[in-house]
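S.K.: 3D model of this:
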Amino acid sequence: MSNEQSLTHRALNTTVIVAALGYFVDIYDLILFGVVRKPSLQAIGLQPQEIFDKGISLLNWQMAGMMLGGIVWGILGDKRGRLSILFFTILLYSVANIANP
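M.R.: Below you'll find the model as predicted:
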């Protein structure tokens, strides 16, 4: 394998690893939400049918938000640079988690 092929191979491996880590973070959020949804809704006093209805509504809002966020931040990333947008979204996500009691 030539040096150029080795660098290309290394760059592709790094790209796949970074993409997998990003995917992991998104899937982790979805799984965590599924785990805490029912106990959280029970804790605020909802009845079983309300838990189901509100849980579906929350999941729909979550999916719509992820889709809209992917589109908006993807466009901004193309226009302003992906690295700066990546850091901004990480900062925004962190602040939102800290602000959420």
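S.K.: For the most centrally placed residue in the chain, which non-adjacent residue is closest in space?
M.R.: In the chain, the C-alpha closest to the average C-alpha coordinate belongs to D26, at a distance of 3.3 Å (CA atoms, centre = their mean). Counting by CB to CB, 6 or more residues apart in numbering, M66 is the residue found nearest to D26 once chain neighbours are left out, at 7.1 Å. (Each C-beta comes from the backbone N, C-alpha and C, glycine too.)
S.K.: so which strand or helix has that neighbour?
M.R.: helix 48-80 (DSSP states H and E).
S.K.: L21 too?
M.R.: Using DSSP H and E, L21 sits within helix 3-43.
S.K.: so what does that helix touch, helix or strand wise?
M.R.: When contacts are defined as 3 or more CB pairs under 8 Å, 6 or more residues apart in numbering; DSSP states H and E, helix 3-43 packs onto helix 48-80.
S.K.: which parts of the helix it packs on are buried?
M.R.: Under the neighbour-count criterion of 16 or more other CB atoms under 10 Å, helix 48-80 has I51, G55, W73, G77 buried.
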